[in-house]
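Asker: Quick one, fold the following:
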Amino acid sequence: AARSRGGRSTRWPTPVNTSDLAFQTVSLTLDVVRYDDPRVVLLTTEVQAEYGVRYGADGDVSPMDASEFAPPAGLFLLATLNGEPVAMGGWRRGGPQPGDAEIKRMYVRAQHRQSGWARRVLAELERTASLAGVTRLVLGTGIKQPEAIALYRSCGYTDIPGFGHYADAPDAVHLAKPLD
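Answerer: Residues are numbered from 1 along each chain as shown. Have a look, this model is predicted:
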């Protein structure tokens, strides 16, 4: 519809009949799963391929065992969106200081990035680690993952000296956050 104002036309938005709109309910579910759950294995294969593209070689080759993520030694989360696996992450006890736990395998599938899922998974990892008595979360990432570094820093993680499998890797970034 147009309305005249001193010889000029002004366009007004066309009214929308809301009864014609379709709404989709988005349901993100975070479940505690085993690290060897087939859906986690699928996402792990994807993230390893991405690491291979970004860094070359075979991706992250740091040693891990599913039992490290089984409570009370650790925890692994799988985020599903309307039943589809979209993100994951876990923590396992250990790190450079007593009371530490290390975040591993934080990953969001490419088509679901920039949706806040990584932040939700990270918040739940922090919450569950704190409840389990962990006093600080640590992690290693790399300079070719600027989006991960930005996420962690925006959530209060700060640089620490290198540790673990990639302690001396020149492209590694090590971060930590004390838990309340």
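
Asker: what's near enough to touch the residue nearest to G162 when sequence neighbours are not counted?
Answerer: Of all residues not flanking G162 in the chain, H174 sits nearest, at 5.1 Å (CB to CB, 6 or more residues apart in numbering). Every residue, glycine included, has its C-beta placed from N, CA and C. Neighbouring residues of H174 by CB atoms under 8 Å, 6 or more residues apart in numbering: 138-140, 159-163, 166-167.

Asker: what's the answer for P71, then?
Answerer: Listed by CB under 8 Å, 6+ apart, the contact set of P71 reads 32, 132.

Asker: Then R109?
Answerer: 43, 46, 85-87.

Asker: Tell me which of those fall in strands.
Answerer: Judged by DSSP state E, the contacts of R109 include 85-87 as members of strands.

Asker: What values do phi and psi take at A150?
Answerer: Dihedral angles phi and psi of A150 (degrees, to the nearest 10) take the values phi -60, psi -40.

Asker: and it, how many neighbours?
Answerer: 10 (other CB atoms under 10 Å).

Asker: In which helix or strand does the residue nearest to D180 when sequence neighbours are not counted reside?
Answerer: Excluding its sequence neighbours, the residue lying closest to D180 (CB to CB, 6+ apart) is S130, at 6.5 Å. In this assignment (DSSP states H and E), S130 forms part of helix 117-131.

Asker: sorry, back to before: closest to A118 out of the ones in strands among the contacts of R109?
Answerer: Of all the ones in strands among the contacts of R109, A87 has the smallest distance to A118: 6.3 Å, by CB to CB.

Asker: any idea how far the closest one lies from V108?
Answerer: Going from A87 to V108 by CB to CB, to the nearest Å gives 4 Å.
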